[in-house]
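Chemist: next comes the sequence, and after it the predicted model I'd like to discuss.
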Amino acid sequence: EEEEDFSEFDDASLVIVQPTSGEYLPWEQVNAYEAYVVDAEGNTMDFEDISWGSDVDEDWTPTGTWLEDDTLGVGTHALTASAELPNGDRLAYTIGGVLVQSAYAGTYVGTTVVELSISGYSAACSGALTAVIDQEGDVGWGDSNCYVSLQGFEVDLSFNYDLENDLGAVQGDASLDIYGYEVPVDLDGELSEDGALYGTFAYDLGDYLAVSGEVEATRISRETTTEE
C-alpha cells in the first residue's frame, strides 16, 4: 500500500488572526477567535483541527479555526492555538495580554459636588473623585474630598464609597466624615458600558444637618488593581 504524502505540510506555520495581543474582550459576551495553518508559501491550508487554551482559564479548551465563544473567564490571558499536523509536526502560536473583564470594569475619575447645611449655615464644594469597578463589574469602591468654609473654619469633607452595580443600575453607601462625625448617605445612579458614571445622594437630619450632592465620573482605564 502506497504511503500517503503529507509533504504539503512541511514548513507550515500556525497564526492567530483574532484576537490580537493586548486586545480587550468583554466578559460573558460573544467574542470571535480565528487561527489557521499556512503553508511554506504563506497560503491558508484546509486544516481544521486547531485547539485553543489559556494560561489563566484551564477549563477553556475550544477547538476549530474559527469560533464564537462567551465562556473565557476574567483575567489577562496568554492564549495559545496549537495543531498536530498529518506529517507529525506540532505547531503552536501564542498571543499575550488579552484582557477579559466586564464592560463596566475599570478606573473612573471625576468630581463629587456637595451642598450642605449645618444648623442653618450653608456651604457647597466640589472635589476630585476616584472610583474602581471590579473585573466582574458587580462591585466598586472610591473616595473623594472637598473643603468648605463654615463660620470661618475650613472643613474637609471626606467620602468613602461602596458601590454595587446591577447591569448599569448603581447603588451604594457613602460614608461622609464631617468634624470626625460619620454621616451615612445612600447613593443611587447609573453606569454605562461606555464608561460613564453618574449618581446622586442625600441625607437629612432635620434642622441640624442636610447633605445633598452628585457624583460624575468617566472611565480613564480598564485597570482594576487599585486596592479597596
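Modeler: Arrived safely. Residues are numbered from 1 along each chain as shown.
Chemist: CA atoms for contacts and neighbours, from now on please.
Modeler: Noted.
Chemist: which SS class is the closest residue to residue 175 other than its chain neighbours?
Modeler: Once flanking residues are discounted, residue 175 sits nearest to residue 184: 4.8 Å by Cα to Cα, 6 or more residues apart in numbering. Classification of residue 184 using DSSP: H, G, I helix; E, B strand; the rest coil returns strand.
Chemist: wait, residue 78 sits on residue 98?
Modeler: Yes - Residue 78 lies in contact with residue 98 (Cα atoms under 8 Å); the separation is 6.5 Å.
Chemist: any idea how far residue 191 is from the residue nearest the centre of the chain?
Modeler: Residue closest to the mean C-alpha point of the chain, counted by Cα atoms, centre = their mean, is residue 105 at 2.7 Å. Remark: distance between residue 105 and residue 191 (Cα to Cα, to the nearest Å) = 10 Å.
Chemist: ok, residue 61 next?
Modeler: Distance, residue 61 to residue 191, using Cα to Cα: 33 Å.
Chemist: same check on residue 161?
Modeler: Per Cα to Cα, residue 161 is found 15 Å from residue 191.
Chemist: between these two, tell me which one has more neighbours.
Modeler: Neighbour comparison, residue 161 and residue 191: the larger count goes to residue 161, with 23 against 20 (by other Cα atoms under 10 Å).
Chemist: what comes up buried for whichever strand or helix holds residue 52?
Modeler: Residue 52 belongs to strand 51-54 when assigned by DSSP states H and E. Going by neighbour count (16 or more other Cα atoms under 10 Å), the buried part of strand 51-54 is 51-54.
Chemist: using CSV, write down the CA coordinates of it.
Modeler: Taking Å, rounded to 0.1, in the frame of the first residue of the first chain, the C-alpha atoms of strand 51-54 are listed here in CSV:
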residue,chain,number,x,y,z
SER,A,51,-7.0,23.5,19.7
TRP,A,52,-7.2,26.6,21.9
GLY,A,53,-6.1,27.2,25.5
SER,A,54,-5.4,29.9,28.1
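Chemist: what mean pLDDT does it have?
Modeler: In this model, strand 51-54 has a mean pLDDT of 98.
Chemist: for residue 95, name its beta-bridge partners.
Modeler: When assigned by DSSP bridges, residue 95 has beta-bridge partners residue 79.
Chemist: and it, how far is that from residue 173?
Modeler: 41 Å.
Chemist: again with residue 79
Modeler: Counting by Cα to Cα, the gap from residue 79 to residue 173 is 39 Å.
Chemist: okay, those two: which has more neighbours?
Modeler: Remark: of residue 79 and residue 173, residue 79 carries more neighbours, 22 against 18, as counted by other Cα under 10 Å.
Chemist: correct me, but residue 29 touches residue 73?
Modeler: No - using Cα under 8 Å, residue 29 is not in contact with residue 73, being 10.8 Å away.
Chemist: can you give me the buried ones in stretch 142-159?
Modeler: Within stretch 142-159, the residues that count as buried by 16+ other Cα under 10 Å are 142-148, 156-159.
Chemist: narrow the residues you listed to those in helices?
Modeler: Among the buried residues of stretch 142-159, no member is found in helices (DSSP state H).
Chemist: I'm done for today, thanks for sticking with me.
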